[in-house]
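>>> Provide a 3D model corresponding to the input given below.
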Amino acid sequence: MMKKNIIALLSTVCVSTMMFSGISFASGGNVGNLAATYLNSAISVTGDANAAKVVVQVWNSSQVMVTMDELIVVDGKINGTMYTGKLTNGSYTLKVADSSGGTYANLPINVTNSSGSNRNSGGSKGSGSTVPGTTTPEEGTTGATVKIALSADAVKAALSNAKNGKVVLEAKGTAGAQEITVSIPVDPLREAGVMSVKTVEVVVGGISISFSMDMLGAFTNVEFTVKKVDPSSLPDEIKTAIGDNAVYDFSLSADGKPISSFGKNDVTISMEYTLKAGEAPGKVIVYYIGDNSQLQTITNGSFNPVNGMVEFKPTHFSKYAAAYSEVTFNDLGTVEWAKESIEALAARSVINGSGEGIFQPNEKVTRAQFIKMLIKAFDVADANAVNTFTDVEKGAWYADSIAAAQKLGIVNGKEDGSFGVNDEITRQDMAVTLYRTSQLLQKKLATNASLIVFRDQGDVAFYAKEAVDVMQQAGILNGVSSDRFAPRDPATRAMAAAVIYRLYQGFK
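Numbering: from 1, shown residues only. Prediction:
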């Protein structure tokens, strides 16, 4: 990840030079003999460290982290400079620790600005003020409440390093904090223009939260908080479901007012997750824990093996946890090619077995069943949608899904005005609904394979030709053999699960 300075919004002061010195290794630490000089909106730090890099934090007297940076250690010596912005008069604490973890060495510092280039010294040993939630600052940020107010200068500095329309702000050394609040001024982002900035990603405490500028652009200042939830406060059934995984409580406000909900693509959260021995990546999911302590699976949550993070797109902030859902079936021996897909969708409650560990993978799938699975997998249900099909009964288990699919243009129905609720869905119609879903979600599918001209290509209906070609080239819906597609054959439960999960993965 890119390294970014995290800088508090501070009033402009005259340039001055300050000298601060401190000593001693913090108890159990590996940093000491610190000295620091403040000049021209930057602090130069020297000292000793038994580490390759150190994290340097500057805290003001109100226990707000003013800035943070990472300095390189050469031959056991710290000798680097970090940009702070112009500091106001007052007392600060410089906290320095090995970037890979450990306790902090603390250096109390005092800033007294003047028009000249005064050089003063601060205390040599003191432990500094107590960080809320900890015993002393020397014990680091573990259990602490950390507040970070980004300045306009910090955001502008980050803009200079933006890539592909994304601005990244990273606060190192906050992984052990119990609660982290970050305030972001939006004006510098807005002034950069919508073509320059599309996403703002903030990385704190092992969590990445990305906000779209479509969402942030309507406000002047946004503030979000991430808080670790005490597991002992959760009901036993929730603790059983999430195991030893962390639960986080997220909240968001804009211009001083709480934001209760937002669009499906406005926010993306990534949380660290370590796969245990024997765990399948596809069965790592995300739970939303409601105020009534009910668990709800977030369908779009998935594990990214590239960065070891679980990623999901919430539509509101609350309590969330990544967890493993151990779902297995006893009758998948004949469909090993679909086993991963079946279990991954079952872990997200998109599909269910028929009880007692039975899935019945070779059973045929009706049109209603397939649409129910598809709408749930991609979380595009619409409670306000109304269908016009003559054979869809109001209140039936499939009614809402078919209504949403019709409203979204995924299905059209038959010439007689019916949908064909109980008709078996054909492979070509399955291709059509998958293709329309990809268009709806504006996802360009990869063309991983060469276009195959099947010997039964002439059996593909005109309305399905493009969809069959695209799905085949994307590797989502293949032929039943090397030269046969079988467009009018009915699909099985295993086939349906496999193609939906392949499309699902294509959107990650």
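
>>> contacts and neighbour counts: CA atoms only from here.
OK.

>>> Near the closest residue to residue 204 other than its chain neighbours, how many other residues are there?
Of all residues not flanking residue 204 in the chain, residue 171 sits nearest, at 5.3 Å (CA to CA, 6 or more residues apart in numbering). Look at residue 171: counted by other CA atoms under 10 Å, it has 25 neighbours.

>>> right, and residue 171 touches residue 203 too?
Yes: with contacts defined as CA atoms under 8 Å, residue 171 counts as touching residue 203 at a distance of 6.1 Å.

>>> can you map out the helices along the stretch 401-508 of the chain?
Secondary structure of the stretch 401-508 of the chain by DSSP state H, counting those that start in this stretch: the helices cover 427-440, 465-473, 493-506.

>>> Quick check: pLDDT value at the residue nearest to residue 204.
Per-residue pLDDT puts residue 171 at 74.

>>> Secondary structure element holding residue 375?
helix 367-377 (DSSP states H and E).

>>> Just the CA atoms of that helix, as CSV, please.
The C-alpha trace of helix 367-377 is given here as CSV (Å, rounded to 0.1, in the frame of the first residue of the first chain):
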residue,chain,number,x,y,z
ARG,A,367,-37.3,-20.9,-14.5
ALA,A,368,-38.6,-19.6,-11.2
GLN,A,369,-35.9,-21.3,-9.2
PHE,A,370,-33.1,-20.0,-11.4
ILE,A,371,-34.3,-16.4,-11.3
LYS,A,372,-34.6,-16.6,-7.5
MET,A,373,-31.0,-17.8,-7.2
LEU,A,374,-29.7,-15.1,-9.7
ILE,A,375,-31.5,-12.2,-8.1
LYS,A,376,-30.3,-13.2,-4.6
ALA,A,377,-26.7,-13.9,-5.7
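
>>> Would you map the helices across the stretch 51-200 of the chain?
Under DSSP H, counting those that start in this stretch, the stretch 51-200 of the chain gives helices at 152-159, 187-192.

>>> need those in TSV with distance to residue 303, mean neighbour count and mean pLDDT, can you?
Converted to TSV, the helices of the stretch 51-200 of the chain look like this (distance: least, CA to CA, whole Å; neighbours: other CA atoms under 10 Å; pLDDT from 0 to 100):
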stretch	distance to residue 303	mean neighbour count	mean pLDDT
helix 152-159	28	20	85
helix 187-192	30	17	86
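
>>> Now stretch 171-191: buried residues?
171-190 (16 or more other CA atoms under 10 Å).

>>> so who does the residue lying closest to residue 477 once chain neighbours are set aside touch?
Excluding its sequence neighbours, the residue lying closest to residue 477 (CA to CA, 6+ apart) is residue 471, at 5.3 Å. When contacts are counted by CA atoms under 8 Å, 6 or more residues apart in numbering, residue 471 touches 431, 434-435, 477-478.

>>> So which of those is the closest to residue 234?
Closest approach between the contacts of residue 471 and residue 234, by CA to CA: residue 434, at 39.5 Å.

>>> that older thread, can you redo the helices of the stretch 51-200 of the chain as a markdown table with distance to residue 324?
Output for those, formatted as a markdown table (distance: least, CA to CA, whole Å):
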| stretch | distance to residue 324 |
| --- | --- |
| helix 152-159 | 36 |
| helix 187-192 | 38 |
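
>>> The stretch 251-400 of the chain: helices as residue ranges?
336-347, 367-377, 399-408.

>>> Go through the ones you listed and name the closest to residue 264.
Across the helices of the stretch 251-400 of the chain, residue 264 has its closest neighbour in helix 367-377 (14.2 Å, CA to CA).

>>> name the helices or strands packed onto the closest one?
helix 399-408, helix 493-506 (3 or more CA pairs under 8 Å, 6 or more residues apart in numbering; DSSP states H and E).

>>> that older thread, what's the pLDDT at the residue nearest to residue 477?
94.

>>> ok, now how distant is it from residue 241?
According to CA to CA, to the nearest Å, residue 471 and residue 241 sit 36 Å apart.

>>> contacting residues for residue 493?
360-365.

>>> any chance of the residues you listed in JSON lines, with pLDDT, neighbour count and distance to residue 395 too?
Converted to JSON lines, the contacts of residue 493 look like this (pLDDT from 0 to 100; neighbours: other CA atoms under 10 Å; distance: CA to CA, whole Å):
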{"residue": "360", "pLDDT": "97", "neighbour count": "17", "distance to residue 395": "26"}
{"residue": "361", "pLDDT": "97", "neighbour count": "23", "distance to residue 395": "27"}
{"residue": "362", "pLDDT": "97", "neighbour count": "15", "distance to residue 395": "28"}
{"residue": "363", "pLDDT": "97", "neighbour count": "13", "distance to residue 395": "25"}
{"residue": "364", "pLDDT": "97", "neighbour count": "19", "distance to residue 395": "24"}
{"residue": "365", "pLDDT": "97", "neighbour count": "22", "distance to residue 395": "21"}
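
>>> Could you single out the nearest of these to residue 103?
Nearest to residue 103 among the contacts of residue 493, with distances taken as CA to CA, is residue 361, at 54.7 Å.

>>> what bits of the stretch 151-300 of the chain have low per-residue confidence?
By pLDDT under 70, the low-scoring segments of the stretch 151-300 of the chain are 172-173, 175, 193-195.

>>> who does the nearest residue to residue 81 once chain neighbours are set aside bridge with?
Spatial nearest neighbour of residue 81, excluding adjacent residues (CA to CA, 6+ apart): residue 44 at 4.1 Å. Residue 44 has these beta-bridge partners by DSSP bridges: residue 37, residue 81.

>>> how close does residue 44 sit to residue 279?
For residue 44, the distance to residue 279 - CA to CA - is 47 Å.

>>> Have a look at these two and say which one is more surrounded.
A direct count of neighbours by other CA under 10 Å for residue 44 and residue 279 places residue 44 higher, at 16 against 13.

>>> That one touches residue 36, doesn't it?
Yes: under the criterion of CA under 8 Å, residue 44 makes contact with residue 36 at 5.4 Å.

>>> residue ranges for the strands of the stretch 251-400 of the chain, please.
For the stretch 251-400 of the chain, strands defined by DSSP state E, counting those that start in this stretch occupy the ranges 257-258, 267-272, 284-289, 295-298, 302-304, 309-312, 319-324.

>>> Distance to residue 250 and mean neighbour count for the ones you listed - can I get that in a markdown table?
Formatted as a markdown table, the strands of the stretch 251-400 of the chain follow (distance: least, CA to CA, whole Å; neighbours: other CA atoms under 10 Å):
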| stretch | distance to residue 250 | mean neighbour count |
| --- | --- | --- |
| strand 257-258 | 12 | 12 |
| strand 267-272 | 10 | 21 |
| strand 284-289 | 11 | 23 |
| strand 295-298 | 15 | 18 |
| strand 302-304 | 19 | 22 |
| strand 309-312 | 13 | 22 |
| strand 319-324 | 6 | 24 |
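
>>> Could you dump those strands into a markdown table and include distance to residue 340?
Shown next, in a markdown table, are the strands of the stretch 251-400 of the chain (distance: least, CA to CA, whole Å):
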| stretch | distance to residue 340 |
| --- | --- |
| strand 257-258 | 40 |
| strand 267-272 | 22 |
| strand 284-289 | 12 |
| strand 295-298 | 18 |
| strand 302-304 | 14 |
| strand 309-312 | 18 |
| strand 319-324 | 14 |
